[in-house]
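Peer 1: sequence plus predicted model, see below.
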Amino acid sequence: LPGLGARRPARAGRRVGAIALIGAFWLLTTAGCSSGGDSLPTPVLPAATAVVPGDSGATQPLPPVLAAPDVPGGLLRYAIDPLGNTGPDGIAAIVASGSQVVRVHFSWAQLEPQAAAPVPHWAVYDALFTHLQQNGIQVLATVGDCPTWACSDAAGPLDKVAPPVFASFMAAVVAHYSQPPFNIHYWEFFNEPDSTNPPNHGGSWGLHGAQYAALLQATVPQVRTLDPQARVLLGGLAYEWFMDEKPPGPFNRTFLQDVVAAGGAPYFDYLNFHYYPQNPHFPSIADKAAALRQLERGLGLDKPLVCTEVGLTSSSDPRWTAPGWPPNSEAVQGRFLVRAYVEGFAAGLSSIAWFTLRDWRDTNPGYQIFLQTGLVRLDGSLKPAATAYRTLRHEVGRRPVLRRLDAAALGSPGLTGLAFGPAGTEVWVVWSLSDQAQPATLAAGTLTRALDLYGTPLAVTGTSVSVGPDPVYLEVDPPR
């Protein structure tokens, strides 16, 4: 595609170089409240502004429920990638959605445009990070956008300087941003490092796993010394459309193995990946998590898993319809969002980030699949998915996954779902495996309330409620 691998002037352009390649592949292969729920905050805005206004397929069988590991100081569950939409209206929309974590693409080139700059350009991010902290939002800083004096390709690898140069930059960054008023402790080094760019797949880190390991080895000990609370994520793996497929893709299937073989494993705390449902390999986010968990255990690792990009476009363009799903729409986007999050939690993911906050424009053909993945439309109004996200955040919140719900629990083989605790007053997230609504009838316990995808109360008849393909929330008091 034109421009791929070339340096683009906007941070967003650099960020989406790899996902544009995925888009090219798909072109080629054509709120209510519950007891125990989380309360949602009111935004603290950096300047006077109006809060963004709003309007009010079957999945594959899921793997067994896994508990997310208890990581001290770990990332919170509900994250979003705003792709640069972090002005006053963007922060208002982030807070209103209930997001707990914001993934910020952090430009090395903007902070240090010349080699060995005496003082990095802190003003690029200071105000943003202050405002996010004031709103109680964690920041996950994805460091990338390598400057021209350090890398031939903005996505890496470092081919003009040695890893200690990046380590020195990061030492200054961590010393500055780990302290109040910023309090940033989560760092990710380069987006989708398993990608390769022209020429000859030499750009980005995909074929340079040993060099990526060397970067971690030089940098992470300094980061941990300066900030004992710091946590480092492996750059989010695309782990999709591999170079050995036909047509060949841009992603190296063995990148993680290469990093581990070169000694990089001790230097990251989370294994991180991305998920989009149009891929031909993994029917659900849980399937991809299971595949990566199997891979890491084969390598002798047991890192907690996070997903820093998941999304579905609301565009009705038939090219972007995902396998096993109906044609895309704003309604289907909201349905997918809730299913992806609860399936991810059941797969043991400790944090999931929606991509992205707001729809955007670009003329690159490879980006078209992603332009309407936002929770917010271009005109600033909220899509149904924004309400679905907020309702999920409020109803499920921090509740632990208790168990998968089967036909015996739900009274129908055509329904599935998950029960969230704590025991005593449970919240069940339930949906139909087909387009047909079916009655969910509790075999035991008391159904005290039911809400639809958007938090609107549903009619309950005794212990039964009608459930379609959109997930619903059932408040259940188990039998005593």
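Peer 2: Now that the structure is in, tell me what you want to look at. For clarity, every value in this text was computed on a predicted model and none was experimentally measured.
Peer 1: which residues in the stretch 201-350 of the chain form strands?
Peer 2: Along the stretch 201-350 of the chain, counting by DSSP state E, counting those that start in this stretch, strands occupy 231-233, 271-275, 305-310.
Peer 1: quick one: contacts of the first one?
Peer 2: So that's strand 231-233. 71, 73-75, 140, 185-189, 216, 220, 223, 267-270, 272, 306, 308 (Cβ atoms under 8 Å, 6 or more residues apart in numbering). For every residue, glycine as well, the C-beta is placed using N, CA and C.
Peer 1: which of the residues you listed are buried?
Peer 2: Buried members of those, scored by 16 or more other Cβ atoms under 10 Å, are 74-75, 140, 185-189, 216, 220, 223, 267-270, 272, 306, 308.
Peer 1: take the residues you listed and keep only those in helices.
Peer 2: Those of those mapping onto helices are 216, 220, 223, per DSSP state H.
Peer 1: adding distance to Pro147, write those out as TSV.
Peer 2: Output for those, formatted as TSV (distance: Cβ to Cβ, whole Å):
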residue	distance to Pro147
Leu216	19
Val220	21
Val223	20
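Peer 1: list just the nearest of these to Val161.
Peer 2: Comparing these against Val161 with Cβ to Cβ places Leu216 closest, at 15.8 Å.
Peer 1: SS state for Thr448?
Peer 2: Secondary structure, DSSP: H, G, I helix; E, B strand; the rest coil: Thr448 is strand.
Peer 1: the helices in the stretch 101-250 of the chain, which residues?
Peer 2: Along the stretch 101-250 of the chain, the segments classed as helices by DSSP state H, counting those that start in this stretch run 108-111, 126-134, 163-177, 209-226.
Peer 1: contacts for the longest one next, please.
Peer 2: This points to helix 209-226. 156-158, 162-164, 166-167, 170-171, 174-175, 178, 187, 189-190, 193, 205, 230, 232, 235, 252, 254-264, 267-268.
Peer 1: what about Arg399, how many residues nearby?
Peer 2: For Arg399, the neighbour count with other Cβ atoms under 10 Å is 20.
Peer 1: show me the contacts for it.
Peer 2: Arg399 sits next to 36, 420-422, 427 when contact means Cβ under 8 Å, 6+ apart.
Peer 1: chain neighbours aside, what residue packs nearest to Cys307?
Peer 2: Closest residue to Cys307 apart from its sequence neighbours, by Cβ to Cβ, 6 or more residues apart in numbering: Ile352 at 4.8 Å.
Peer 1: again, but for Val260
Peer 2: Nearest in space to Val260, with sequence neighbours left out and distances taken as Cβ to Cβ, 6+ apart, is Leu299 at 4.9 Å.
Peer 1: count of neighbours near the one you found?
Peer 2: Counted by other Cβ under 10 Å, the residues lying close to Leu299 total 15.
Peer 1: and Pro422, by the same measure?
Peer 2: For Pro422, using other Cβ under 10 Å, the count is 12.
Peer 1: isn't it up against Arg398?
Peer 2: No - assessed by Cβ atoms under 8 Å, Pro422 is found out of contact with Arg398, at 9.9 Å.
Peer 1: need the contact list for the nearest residue to Thr219 once chain neighbours are set aside.
Peer 2: Leaving aside its sequence neighbours, Thr219 sits nearest to Ala167 (Cβ to Cβ, 6+ apart; 4.2 Å). Counting by Cβ under 8 Å, 6+ apart, Ala167 touches 215, 218-219, 222.
Peer 1: recalculate using a threshold of 7 Å.
Peer 2: Contacts for Ala167 were tallied using Cβ atoms under 7 Å, 6 or more residues apart in numbering; they are 218-219, 222.
Peer 1: pLDDT score for Ala322?
Peer 2: In this model, Ala322 is scored at 96, pLDDT.
Peer 1: excluding chain neighbours, what is closest to it?
Peer 2: Pro277 is the one closest to Ala322 (Cβ to Cβ, 6+ apart), at 3.7 Å.
Peer 1: look at that neighbour and say how many residues are nearby.
Peer 2: 24.
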